[in-house]
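Student: Have a look at this prediction, sequence included:
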Amino acid sequence: MADSLDAQLRDEIDDQVAEAFDAYLADRLAEPGPLRTALELRRGTRLVLGTVALGALATALAPDGSAVVCWIWGAIAVMNLAWLQAARRC
């Protein structure tokens, strides 16, 4: 009986520790700082890589020597720079 009581007490303590850690992490993510910046830059990196992949696909599908390719890559560069600039300001 004492073992089951100890196991139940440990489970309760584990739940309380997990809840406290979740609350602490939520508070840390709400305030500006290196953790929040790192998470936002990771999202920005995915966006940049996604737009570059779409640009490569558009380049492969565009006719040879087309000026459209220059416009596509120019638009991608402007969007990525604007997105990363906005992410760093937060």
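Tutor: The structure has been received and is ready for your questions. Numbers count the residues shown, from 1 in each chain.

Student: Show me this structure divided up by domain.
Tutor: 1-31, 34-90 (automatic domain parsing).

Student: can you give me the helices in this protein?
Tutor: Shown for the chain, the helices assigned by DSSP state H span residues 2-30, 34-61, 67-89.

Student: Can I get the ones you listed in CSV including mean neighbour count?
Tutor: All C-beta spots, glycine's among them, are computed from the backbone N, C-alpha and C. Formatted as CSV, the helices of the chain follow (neighbours: other Cβ atoms under 10 Å):
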stretch, mean neighbour count
helix 2-30, 10
helix 34-61, 13
helix 67-89, 13
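
Student: Tabulate the domains of the chain (TSV), appending mean pLDDT.
Tutor: Shown next, in TSV, are the domains of the chain (pLDDT from 0 to 100):
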stretch	mean pLDDT
domain 1-31	74
domain 34-90	77
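
Student: Stretch 63-70 spans what distance, first to last residue?
Tutor: 12 Å (Cα to Cα, to the nearest Å).

Student: Give me the contacts around that stretch.
Tutor: With Cβ atoms under 8 Å, 6 or more residues apart in numbering as the test, stretch 63-70 has contacts from Ala58, Thr59, Ala62.

Student: Please name the residues that touch the first one.
Tutor: Right, Ala58. For Ala58, the contact set (Cβ under 8 Å, 6+ apart) comprises Val69, Ile72.

Student: do the last one as well
Tutor: With Cβ under 8 Å, 6+ apart as the criterion, the residues that contact Ala62 are Val68, Val69, Ile72.

Student: Cheers, nothing more for now.
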